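Enquirer: one predicted model, sequence on top.
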Amino acid sequence: MTLERVVRPAGPYTLALCTRHASDATRQFRDGTLTMTLRVGDRVEVASASQTLDGSVVLRAASEEGLERLRFVLAVDADHTEFLRRFARDPLIGEAATRFQGMRQLRLPTVAHTLLRAFCGQLIESRRARQLESIIVRAVEPRVAGSDLHSPPTCTSFAQSAPARLRQLGLHASRAAALVRICRTTDLERLHQLPTAKAAAFIERQRGLGPWSAGVVCLEGLGRYERGLVGDLGLVKLLSRLRGRWVEAHETVELLEPYGEWAGLAGLYLMTGFTHGLIPLPEERPVRFPRPAYA
């Protein structure tokens with residue numbers, strides 16, 4: 001049996017904008033519908049969402065718990081109207097906030113999956129990082145019956161994996177060892193119960209992780225906007241263009257700092273604006289982009 005619920009998102013919301021580049025081993029966006037697998041207790045459900053012409057979002061899942069989990073993943077209740085109002089005239093993100101005002105950060109259904117994404121994302125090429133992430137998820141989680149999707153990975157998934165196996169799949173040896181160690185000693189879902197600062201501090205204390213990884217976990221795993229992706233290669237390139245020189249990863253703190261508690265969402269709009277040519281930039285000068293050292 002499939003339950004259906006029609007919800008009205010809090011504030012501007014466009015599913016198609018939220019789901020750009022969202023497809024992975026656990027979800028796919030096709031013909032206006034996002035289909036994904038969810039963890040609901042010990043069960044795995046296949047759920048879906050689509051948006052109607054009046055802006056409402058139609059949620060479908062096998063249980064009430066699945067519907068609530070789907071709401072979290074889609075961020076339909078994370079009203080960012082105040083963000084749009086406050087930064088409508090911002091010189092960097094004002095134009096993007098106007099054109100893409102329905103865009104929010106889509107979340108992952110398990111914190112363990114975001115930790116894997118953080119380790120894979122330390123590669124310089126985002127496409128290769130996403131490919132590696134999908135390869136690992138498909139290797140450690142079974143395909144859900146009746147679909148081409150795999151279950152969302154959990155701490156147990158990685159705790160039961162041998163670091164050597166993850167290395168064979170393509171994850172760097174030190175990252176594989178760190179991922180397994182963290183998942184064997186910590187219930188990452190309990191980070192939902194911590195304030196953002198404490199959750200981020202926990203991630204940053206782990207070997208091989210840093211501010212960027214903490215931002216990934218807080219933004220995509222916990223649904224917190226307070227932490228941005230400090231050191232993200234896209235932000236490094238943007239700030240380098242603004243300053244006319246190559247900047248270090250840690251300098252992107254200054255780029256996100258003006259946005260305060262909205263730093264995570266601001267990073268999304270900064271990178272979208274940069275990609276679409278919506279940010280006023282000085283005349284381009286040759287800037288060498290070395291491999292960043294973020295974690």
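Expert: Everything's here; your move. Residues are numbered from 1 along each chain as shown.
Enquirer: for Leu123, give me the pLDDT.
Expert: Leu123 is assigned 65 on the pLDDT scale.
Enquirer: cool, the one 10 residues further on as well?
Expert: We have a pLDDT of 96 for Glu133.
Enquirer: Ser147 too?
Expert: Note on Ser147: pLDDT of 88.
Enquirer: tell me the contacts of it?
Expert: With contact taken as CB atoms under 8 Å, 6 or more residues apart in numbering, Ser147 is in contact with Thr35, Thr37, Val46. For the C-beta atoms, the positions are set from N, CA and C on the backbone; glycine is no exception.
Enquirer: all helices of the protein, in order?
Expert: 15-18, 64-74, 81-86, 94-99, 111-120, 126-140, 155-159, 163-169, 173-185, 196-205, 211-216, 233-243, 252-256, 263-275 (DSSP state H).
Enquirer: turn those into CSV, including mean neighbour count and distance to Gly55.
Expert: Putting the helices of the chain into CSV (neighbours: other CB atoms under 10 Å; distance: least, CB to CB, whole Å) gives the following:
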stretch, mean neighbour count, distance to Gly55
helix 15-18, 19, 9
helix 64-74, 19, 13
helix 81-86, 15, 14
helix 94-99, 19, 17
helix 111-120, 26, 28
helix 126-140, 18, 29
helix 155-159, 19, 36
helix 163-169, 16, 41
helix 173-185, 18, 39
helix 196-205, 17, 29
helix 211-216, 25, 29
helix 233-243, 20, 29
helix 252-256, 20, 29
helix 263-275, 23, 20
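Enquirer: and the ones you listed as TSV, adding distance to Phe29?
Expert: Output for the helices of the chain, formatted as TSV (distance: least, CB to CB, whole Å):
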stretch	distance to Phe29
helix 15-18	8
helix 64-74	12
helix 81-86	23
helix 94-99	20
helix 111-120	17
helix 126-140	14
helix 155-159	24
helix 163-169	25
helix 173-185	27
helix 196-205	28
helix 211-216	20
helix 233-243	21
helix 252-256	27
helix 263-275	17
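Enquirer: nearest to Ser56, out of those?
Expert: Nearest to Ser56 among these is helix 15-18 (10.3 Å), distances taken as CB to CB.
Enquirer: many thanks, have a good one.
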